[in-house]
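J.: coordinates for the following, if possible.
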Amino acid sequence: MTKIDFSLGRNTYDNQPAQLTAADFDDFVVQISRTGSTRKGQSYICAPLVKGAHPEAAKYAGDAHWRIRNLALPRRFLALDGDGFSSSSVFTAFQREISKWNSLVYTTASHTAQAPRARALIELSREVDYAEGVALGDAVQRMLETKLGSSNIMLDPSVYRASQPVFTPLVSSQAFRYAGQPLDVDAMLSAWPMSATSPSLVGLGITGTAPAAGGVSAFTWALLAPPETPTEITKVQTALTQVSADCPYPLWINILFALRSTGWTCAETLGRQWSMSAPNRYDQTAFDKVWQRAKPTGGISIGTLYYHAKQQTATPAAPVTFAGSQAASNVLTPSGKMCIPTVPPPARDYVLGKVLVAGTVGVMAGVGASAKTTAAIQFAINGALNRNLGTCEIGHFASALFLAEEPPAERDRRFGALCAQLSDSERATVERLVYCEAAAGQDLRLTMLHDGNVHETALVERIIQTVLTHHQECGARVGLIVIDHARLVMAGDPIASDHVTALLRALTSIATKTGAAVLLLAHSPKSTYAKDGEADPSEVFGSGAFVDHTRAALVLRVMREKEAKQLGLSEAERKEHVCMQVVKANYGPTGGSWWFKKEVIPNWHTVQLVPAFLLPKGQANTQSTLTRKVIDIVKTNPGRLTSRALRDRYSGVNGHLGVSERSVREVLERMISDGSLVLRSPTQLERDKNRLSANVREVLDLPAMRD
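T.: Numbers count the residues shown, from 1 in each chain. Down below sits the predicted model:
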């Protein structure tokens, strides 16, 4: 257990708060939740305070635990103050992001379901001082704004200051307790270094120099960085011997950033010599790239090195041996302590079709020419643009694609064709958020055989490094990693379960360390050409481990002959249609499917997958009539109807449309996806004329009537 020191004030005007200690974060939550506050301002917390004199001694005499910046001690928690969320769904997304940390989210006095407001308290991996706390809060805020949209969330940066009061939960507050991991301070500061123009710097109280580019200020970091003397250099060299350079890539970056923060002339030599102590990992180009990106005022101090050195000496890893005398490659530490939630957690972070979840591995199989690679590229493009692919829901994310079968020219042809109809700004967004390696002819194996055993290659860590770098450079979370395809990235026999398991273990490592969903493309057996009926897991070629060890499995298949007859399609039309079907989903419904038509893009000599909405022959005429009726309704009610309002008013056997609410919902989804209808924001005149509430954000209209 790690204790948490904090101050607890009785009301807004209490400038000598009590000094308390919690045994751990659980105890901390219990203590601050029992203050009995019934309204704002009755109780607050802040960082612990050392006893000392107040700068206004004439007004505040004597030594005490005054709530002022100069007396603030390092703290092991971070507060977030959500002054506003654009909708309840954004508030839910905020909770989902916070839930990955050991944290508490609670609503404030002014919270309503329509206008959510809440605070969050998050346990940190280590203590942070005043300046680091401001930089950390700023980093978390920019991360949340990037993921949720800066216009959708409003955070008050004042609570990042150690001495700022943070009001505790009210008796009437809704509280949400999440038992994740402590927020990794060094990783967050490394991924989101503070900008000199950040609003979090306002009121920091640092004087004597302007903020330095890329950090808090030269003055502040001068206080944190030790002088370049033989004694201090020896201390750093000693600490470096206690941290192995053969460490995870994020830690390696943090150590280099810590050395760079000193501003010493010998810092680069120290970092390079330390990195070279792991010759199997050292790469001169990678080192130069990281060192150039590091800045003396970049948000990580030399204290990061000392912290990790202390961790290594305090908790040495003892070897563990199994009964067969085979040494384990990793030491498992117990983590069975539970904190059972009493309310449902936030929704899962779905990346694709409410099936594939961020941080997990999925597989998508299909026979040759079923457009698997095209589908993956379209997932990446739509994720960058925050667009669904027909009725297949796509999250908003950056992507990293590793294509083992495509040369650069073919990659560029495909992206050029699929982005041909985009605007200049949309193409720029795709270029910024999508990273794609076309590596035809290169060795992209993630596993290798040695002495009959399968081992991970250095490419696993290189992909992790590349994705983390892409995340830093594009400023958005990487939600999807595509590996194309299975036979070219694994060693051994795809029929052998142990060989496939080793590959899936490597992919899982990539997913967990980057937080992205990894989608592995694979082939389907040629026997599926003659198959009839729905897809099943057997259509993923190779060992059953491909499906067993992934959290989601999709099959992209050509339309079956029986299906074509039911839909009234010719043989040529049948071969143009493919179905993406869910054959396994640990975190979503199994059996769902989406139909697409392969259409050639003029002049580009490649295809795209266009969402197709297919109906049996007997229903086609009925659907056509329903479509015309919906168009007539929207045409006579421009700027007045939401999708929900149209369903409520016109569906039902006795309604104008004469069909069920579900049928109306399905036809609306189809028409919006194929462009027959559009959703747009209502004008102020329409709001006033039709008495639309502020909650109405989109209304139905016809394409020709768009502004």
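J.: hey, let's count contacts and neighbours off CA atoms from now on
T.: Noted.
J.: how far does stretch 636-644 stretch from one end to the other?
T.: End-to-end span of stretch 636-644 (CA to CA, to the nearest Å): 17 Å.
J.: try stretch 399-411
T.: Distance across stretch 399-411, first residue to last, is 15 Å (CA to CA).
J.: show me what counts as buried in that stretch.
T.: Buried residues in stretch 399-411, counted by 16 or more other CA atoms under 10 Å: 399, 400, 401, 402, 403, 404, 405, 406, 411.
J.: quick one: which of those residues sit in strands?
T.: In strands, defined here by DSSP state E, the members of those are 399, 400, 401, 402, 403.
J.: how about the spatially most central residue of the chain, phi and psi?
T.: For the chain, residue 477 is the residue whose C-alpha lies nearest the centre (CA atoms, centre = their mean; 4.8 Å). Taking degrees, to the nearest 10, you get phi -70, psi 140 for the backbone angles of residue 477.
J.: how near is it to residue 96?
T.: 14 Å.
J.: re the thing from before, of the buried residues of stretch 399-411, which is the nearest to residue 287?
T.: Relative to residue 287, the closest of the buried residues of stretch 399-411 is residue 400; by CA to CA it sits at 21.6 Å.
J.: the residue nearest to the centre of the chain reaches residue 384, doesn't it?
T.: No - Residue 477 is not in contact with residue 384 according to CA atoms under 8 Å; the separation is 10.4 Å.
J.: find residues that contact each of those two.
T.: Jointly contacting residue 477 and residue 384 under the rule CA atoms under 8 Å, 6 or more residues apart in numbering are 397, 398.
J.: ok so, going back, rebuild the ones in strands among the buried residues of stretch 399-411 as JSON lines, extending it with distance to residue 365 and pLDDT.
T.: Below are those laid out as JSON lines (distance: CA to CA, whole Å; pLDDT from 0 to 100):
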{"residue": "399", "distance to residue 365": "20", "pLDDT": "96"}
{"residue": "400", "distance to residue 365": "19", "pLDDT": "96"}
{"residue": "401", "distance to residue 365": "16", "pLDDT": "96"}
{"residue": "402", "distance to residue 365": "16", "pLDDT": "96"}
{"residue": "403", "distance to residue 365": "15", "pLDDT": "95"}
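J.: need the residues you listed in TSV with distance to residue 595, can you?
T.: Listed next are these as TSV, based on distance: CA to CA, whole Å:
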residue	distance to residue 595
399	23
400	25
401	24
402	26
403	24
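J.: doesn't residue 573 lie inside a helix?
T.: Yes - judged by DSSP: H, G, I helix; E, B strand; the rest coil, residue 573 forms part of a helix.
J.: tell me who's in contact with residue 512.
T.: Contacts for residue 512 (CA under 8 Å, 6+ apart) come out as 359, 360.
J.: use 141 as the first number from now on
T.: Yes, from this point I'll number from 141; that puts the last item at residue 652.
J.: and the gap between it and residue 495?
T.: From residue 652 to residue 495 the distance is 17 Å (CA to CA).
J.: does residue 502 have beta-bridge partners, and which?
T.: The partner list for residue 502 in beta bridges (DSSP bridges) reads residue 659, residue 692.
J.: residue 685 is in contact with that one, correct?
T.: No - using CA under 8 Å, residue 502 is not in contact with residue 685; the gap is 11.9 Å.
J.: compare these two (neighbour count), which wins?
T.: Regarding residue 502 and residue 685, a neighbour count based on other CA atoms under 10 Å identifies residue 502 as having more, with 26 against 20.
J.: do you know how far the residue nearest to the centre of the chain is from residue 168?
T.: 31 Å.
J.: so when I look at residue 491, I'm seeing a strand, right?
T.: Yes - applying three-state DSSP, one finds residue 491 inside a strand.
J.: can you tell me the closest non-neighbouring residue to it?
T.: residue 535 (4.8 Å; CA to CA, 6 or more residues apart in numbering).
J.: could you do residue 553 as well?
T.: The shortest distance from residue 553 to any non-neighbouring residue, by CA to CA, 6+ apart, is to residue 744 (6.8 Å).
J.: and residue 149, by the same measure?
T.: residue 157 (4.2 Å).
J.: doesn't residue 206 make contact with the one you found?
T.: Yes - counting by CA under 8 Å, residue 206 is a contact partner of residue 157 at 7.5 Å.
J.: residue contacts, residue 637?
T.: 683, 684, 685.
J.: which phi and psi does the spatially closest residue to the last one that is not a sequence neighbour have?
T.: So that's residue 685. Leaving aside its sequence neighbours, residue 685 sits nearest to residue 637 (CA to CA, 6+ apart; 5.6 Å). With angles defined as degrees, to the nearest 10, residue 637 sits at phi -60, psi -40.
J.: the helix or strand of the chain with the lowest mean pLDDT: what's the following helix or strand?
T.: Sorted by mean pLDDT, DSSP states H and E, the helices and strands of the chain end with helix 358-364, the least confident at a mean of 42. Next in sequence after helix 358-364, counting helices and strands by DSSP states H and E, comes helix 370-381.
J.: and that next one, what's buried?
T.: Residues of helix 370-381 classed as buried: 373, 376, 379, 380 (neighbour count, 16+ other CA under 10 Å).
J.: and the second one, what is it in contact with?
T.: To tie it back to what came earlier, the one meant is residue 376. When contacts are counted by CA under 8 Å, 6+ apart, residue 376 touches 445, 446.
J.: and with 7 Å instead?
T.: By CA atoms under 7 Å, 6 or more residues apart in numbering, the contact set of residue 376 is empty.
J.: repeat for the third one
T.: The neighbours of residue 379, taking CA under 7 Å, 6+ apart as the test, are 445, 446, 449.
J.: can you say which of these are buried?
T.: 445, 446, 449.
J.: what score does residue 571 have for pLDDT?
T.: Note for residue 571: predicted pLDDT of 95.
J.: confirm that residue 661 lies within a helix, as I assumed.
T.: No - under three-state DSSP, residue 661 sits outside any helix and is assigned strand.
J.: how far away is it from residue 510?
T.: Residue 661 is 12 Å from residue 510, by CA to CA.
J.: low pLDDT regions in the stretch 441-590 of the chain?
T.: Filtered on pLDDT under 70, the stretch 441-590 of the chain yields the residue ranges 451-479, 481-486.
J.: the strands in it, which residues?
T.: 490-492, 496-497, 501-506, 538-543, 574-578, 587-590 (DSSP state E, counting those that start in this stretch).
J.: the fourth one pairs with which strands, and in what direction?
T.: What it means is strand 538-543. Within its sheet, strand 538-543 is paired with strand 574-578 (parallel), strand 618-624 (parallel), according to DSSP bridges.
J.: cool, the last one as well?
T.: According to DSSP bridges, strand 587-590 forms sheet pairs with strand 593-596 (antiparallel).
J.: what residues of the strand it pairs with count as buried?
T.: 594, 595, 596.
J.: CA atoms of that strand as CSV?
T.: Below are the C-alpha coordinates for strand 593-596, written out as CSV (Å, rounded to 0.1, in the frame of the first residue of the first chain):
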residue,chain,number,x,y,z
ASN,A,593,11.0,-22.8,-30.1
VAL,A,594,9.2,-19.7,-31.3
HIS,A,595,10.6,-16.3,-30.1
GLU,A,596,9.5,-12.7,-30.7
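J.: how far off centre is it?
T.: Remark: strand 593-596 is offset 30 Å from the chain centroid, using CA atoms, centre = their mean, to the nearest Å.
J.: cool, and stretch 387-394?
T.: Relative to its chain's centre, stretch 387-394 lies at 20 Å (CA atoms, centre = their mean).
J.: could you give me the average pLDDT of that stretch?
T.: The average pLDDT for stretch 387-394 rounds to 80.
J.: that stretch: which residues count as buried?
T.: Buried residues in stretch 387-394, defined by neighbour count with 16+ other CA under 10 Å: 389, 390, 391, 392, 393, 394.
J.: can you map out the strands along the stretch 691-840 of the chain?
T.: Using DSSP E, counting those that start in this stretch, strands in the stretch 691-840 of the chain cover 692-698, 717-725, 733-741, 746-751, 818-820, 839-841.
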